[in-house]
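Visitor: what follows is a predicted structure for the sequence shown.
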Amino acid sequence: MKFAKTILILSIVCWFGISVSASENSENKVKAAPVLVLYPLGDKCEFRTVNYLEQTLNTYVKCVEEATDESWIINDKYNVKSHGEQLCEQVKQDDNLKHGNFSIVSLSLGGMMARYIIEYCPLDMPIRNVVTLGAPLNGISAIASLPRDSWVGYYIDLIVDKLMNFKFTERLFQPSDYWKEPDDYDHYVETSRFLAEANNEVDFDVKKKTAWTSINKALFIKFADDSVILPKESAWWGEYDEDMTELDRHDSYVYQEDLVGIKTLEDSHKAQFVQWPGDHMAFNYTQINDWVLPVLRS
C-alpha cells in the first residue's frame, strides 16, 4: 500500500513536471508579432541578425534599409518625411504588416523612421512593441567626433546651426531634419523640418501622443560611450541644455510636458531605459537575448 502511494505521488510529480516543461516549451514557440527592422542611412540589412530574430521568435521579420549606397553627402535631398512616406507605403503593401500590431526594432538613425511609422503612418492597429538602439530620439546637437565642448566642434556646430535655415542643407547634411539648437530654442522650433513637429513642440497633435501611449512595450537603449549620437542622452529622450550640459529625460521639456507620451509610458511601466556598455552600436547576441527578445515576445 505504501509502495503504491509512492508510485502515485511520483506519477503526479512527473506529470506536473512534464506539463510545466511542455508549457515552457510552448511559450518559447509562441509566435511573436511580426517585426519590422529599420537600418540607418547607408547601412545594409544584416541578414544574420534578421534570420536570427525570425527563427528565434518564430515570426515574420522584414528588414528595410533607410537608403543604400549613399554617404554623408548625398545626391538627392534627405528628408525624413519623404523617406517615411515611402516606408509607410512599403508597410501598407506588406500582408504581414499592413494592419499594424507589429513590433519595430530600429538601429541608430533608423529611429527617425521608427518615429515616422509610429506617428505618421495610419494603420488599423497601433504598433505593438518598439525597440530603439542608439537612436537620436530627441535629435542631435553636435557632429560625431566633434563635441561642442571642444573649440573646433563649437565653431563647426555654430556654423551648422546657421546653415539649418537653408533648404540646400537637405542635400548636404543628413541630420538636418532632427538637428536641435540647445542655445536657441525658438530658432530651432521655427526652422525645424521634422523633429519639432514630431515632438509636438509645434502644432500639437494628440494622435501622435496616443500612438506612443498605445504601444504595449518600449525599450530604449543608450550606449554608455556613444560618440555618434550627441548628446547620447537623446537615445533616452534627453538633450543638451543651453550650456551644453547633458540633461536626463526627466529634465527635458518634451518629457516633462509629456508631449509625445513617453512619461506616460514610463509611469505605466510600459517603457524600459537600458544602458549598454561601449560605443555606438557595440552590442552582442547575449544582449539581444537578455533584453530585446523578451520585449518582442510580449
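Guide: Yes, it's here.
Visitor: run a quick neighbour tally on the nearest residue in space to Tyr255 that is not next to it in sequence.
Guide: The spatially closest residue to Tyr255, leaving aside those adjacent along the chain, is Arg249, at 4.5 Å (CB to CB, 6 or more residues apart in numbering). In short, each C-beta sits where N, CA and C put it, glycine included. Here the neighbour count serves as a burial measure; for Arg249 (other CB atoms under 10 Å) it reads 22.
Visitor: which residues of the stretch 101-250 of the chain fall in strands?
Guide: In chain order, the stretch 101-250 of the chain shows strands spanning 103-107, 129-133, 217-223, 239-240, 246-247, with DSSP state E, counting those that start in this stretch as the criterion.
Visitor: select, out of the ones you listed, the one closest to Gly278.
Guide: strand 217-223 (5.9 Å; CB to CB).
Visitor: tell me the mean pLDDT for that closest one?
Guide: Here strand 217-223 scores 98 as its mean pLDDT.
Visitor: tilt between it and strand 129-133?
Guide: Using axes from the mean of the first three to the mean of the last three CA atoms, to 10 degrees, the interaxial angle of strand 217-223 with respect to strand 129-133 works out to 0 degrees.
Visitor: can I assume Val295 is in contact with Arg128?
Guide: No. Here Val295 lies out of contact with Arg128, judged by CB atoms under 8 Å, at a distance of 9.8 Å.
Visitor: can you pull the residues that touch both of these two?
Guide: Here Val295 and Arg128 share the contacting residues Ser103, Lys217, scored by CB atoms under 8 Å, 6 or more residues apart in numbering.
Visitor: please, which helix or strand holds Glu54?
Guide: Assigned by DSSP states H and E, Glu54 belongs to helix 47-57.
Visitor: run me through the strand neighbours of the helix or strand just after that helix, direction for each.
Guide: Read in the C-terminal direction, the helix or strand following helix 47-57 is strand 61-65, with elements assigned using DSSP H and E. On the basis of DSSP bridges, the sheet neighbours of strand 61-65 come out as strand 35-39 (parallel).
Visitor: ok, and what's touching the partner strand?
Guide: Contacts made with strand 35-39 from outside it, assessed by CB under 8 Å, 6+ apart, are listed as 45-46, 49-50, 53-54, 57, 59-66, 87, 91, 97, 102-107, 110-111, 113-114, 117, 296.
Visitor: now the angle from it to helix 47-57?
Guide: Here strand 35-39 runs at an angle of 160 degrees relative to helix 47-57 (the same axes, to 10 degrees).
Visitor: re earlier: so which bits of the helix holding Glu54 are buried?
Guide: Residues of helix 47-57 classed as buried: Thr49, Val50, Tyr52, Leu53, Glu54, Thr56, Leu57 (neighbour count, 16 or more other CB atoms under 10 Å).
Visitor: quick check: closest non-adjacent residue to Ala114.
Guide: According to CB to CB, 6+ apart, the nearest residue to Ala114 is Ser106 (3.9 Å).
Visitor: an error on my part: the question was meant for Asn58.
Guide: The shortest distance from Asn58 to any non-neighbouring residue, by CB to CB, 6+ apart, is to Lys31 (5.0 Å).
Visitor: contacts only, for the one you found.
Guide: For Lys31, the contacting residues are Leu57, Asn58, Thr59, by CB under 8 Å, 6+ apart.
Visitor: which parts of the stretch 151-298 of the chain are helices?
Guide: Counting by DSSP state H, counting those that start in this stretch, residue ranges of the helices within the stretch 151-298 of the chain are 151-163, 169-172, 185-191, 195-198, 206-213, 253-256, 262-267, 285-287, 293-297.
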